[in-house]
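Undergrad: Structure for this input, please:
(one chain, ligands or ions: 1)
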Amino acid sequence: MKMTFRWYGPETDPITLENIRQIPGTSGIMGAMDWIPVGDVWPEDDISSYVRKVNDAGLECEVIESVNVHEDIKLGKPSRDTYIANYCKTLENLAAHGIKVVVYNFMPVFDWLRTELFHRNEDGSTCLYYDHEDLKNLTPQDIVKATLDSSAFPLPGWEPDRLADLDDVMSQYTGMTPDELRDNYRYFLEGIVPTCEKVGIRMAVHPDDPAWDIFGIPRVVHSDSDLQKVVDLVNSPANSLCVCAGSLGSNPNNDVPAIFTKYGGMGRVAAAHVRNVKFLGHKKFKEAAHLSSDGSLDMYAIMKAIHDHCPDVYIRPDHGRMIWGEVGRPGYPLYDRALGITYLNGLWEAIEKASTH
Ligand SMILES: [Mn+2]
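TA: Below is the predicted model of the structure:
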């Protein structure tokens, strides 16, 4: 297991590489270069200077999260071939600078979605929160505006230019079935996996967050049967998963430790996001601290499944609460994620020692 920390780069992340280096037991980052427009080839110069910065700080840069998939690929438009060729070139450029895993998602239009970014907890901390009932009273335009307005920092997956043509993009998905979306997904994977195999990169798809459909748009990566269909689309270790405990765990029907056990055992888990959620009702949850007792997931069982079935995976803590007066990107604070790392590393040490005695 390699413990990593998501970092957005020197321009927009208030957290420094030195901050990350000082978190005990953290070997590297999951890096982002969100300034590059979706669909463009990532320039080698940008990649090399980014990787050098990370390495100079004493950290590894072996995972990128994310290289976003252009909407035309998900929609199956004729222009997808150009975007897939660009994606392959980006993968070649990343591999040339030591990248081994690329996390991405295949969610149409919306990436992760919450109805509150600063939900106040009893202890005064704030967290991300979702209530499907609240969402029913909002239009897609409302939620985009509310999300963009409530963060002073750019949010991953919520790039304003990508959402500028929201009505138009959403209308193009009208009537698309999950199987049709999956066909477009297969086309994408068949286009990129040969390049992945050639350059030694493993793709790791992040599940839909939350783990159900939103605004009637199809989503195809949020259950065990979905994940099985994804790994079956192209049978290669290059077509792997980023199992996100919190995203899949937002739906209590998903058995997260069992998912790690199953797909880890198949050699198809390349990355893991490990965090906790607290169920508050049907399609209603908040993001808890990482500790098992603070939420609804058994974090010991999750770490044990990783330890036993995919021990070489890249892990990171996922979203954290805002605590101790920290100001930053909602979900991506320093303090609570650092606490998460320390807790997960503690679980790992205990599991490791118990298994070898
Ligand atoms: Mn995640």
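Undergrad: Let's see the distance spanning stretch 49-63 from one end to the other.
TA: Across its full length, stretch 49-63 reaches 15 Å between end residues, using CA to CA, to the nearest Å.
Undergrad: Let me see the backbone angles for the residue nearest the centre of the chain.
TA: With distances taken as CA atoms, centre = their mean, residue 206 lies nearest the centre of the chain, 4.9 Å away. Reported as degrees, to the nearest 10, the phi and psi values for residue 206 are phi -90, psi 140.
Undergrad: That one bridge partners, please.
TA: residue 105 (DSSP bridges).
Undergrad: give the contact list for it.
TA: 65-66, 103-105, 221, 242, 244, 247, 273 (CB atoms under 8 Å, 6 or more residues apart in numbering). All C-beta atoms are positioned from the backbone trio N, CA, C, and that covers glycine.
Undergrad: rerun that using 10 Å as the cut-off
TA: If you count contacts by CB atoms under 10 Å, 6 or more residues apart in numbering, residue 206 has them with 65-66, 103-107, 111-112, 157, 221, 241-244, 247-248, 271, 273.
Undergrad: Can you sort out which of the residues you listed also neighbour the ion?
TA: Among the contacts of residue 206, the residues lying close to the ion (CB under 5 Å from the ion) are 244, 273.
Undergrad: Inside strands: which ones of the contacts of residue 206?
TA: 65, 103-105, 241-244, 271, 273 (DSSP state E).
Undergrad: which residues in the stretch 201-350 of the chain form helices?
TA: For the stretch 201-350 of the chain, helices defined by DSSP state H, counting those that start in this stretch occupy the ranges 224-233, 245-249, 256-265, 299-309, 335-356.
Undergrad: List the buried residues in the fourth one.
TA: Put plainly, it is helix 299-309. 299, 301-307, 309 (16 or more other CB atoms under 10 Å).
Undergrad: now do the longest one
TA: Residues 335-345, 347-348, 351 are the ones in helix 335-356 that count as buried (16+ other CB under 10 Å).
Undergrad: Against which helices or strands is it packed?
TA: Counting by 3 or more CB pairs under 10 Å, 6 or more residues apart in numbering; DSSP states H and E, the packing neighbours recorded for helix 335-356 are strand 2-7, helix 17-21, strand 269-274, helix 299-309, strand 314-317.
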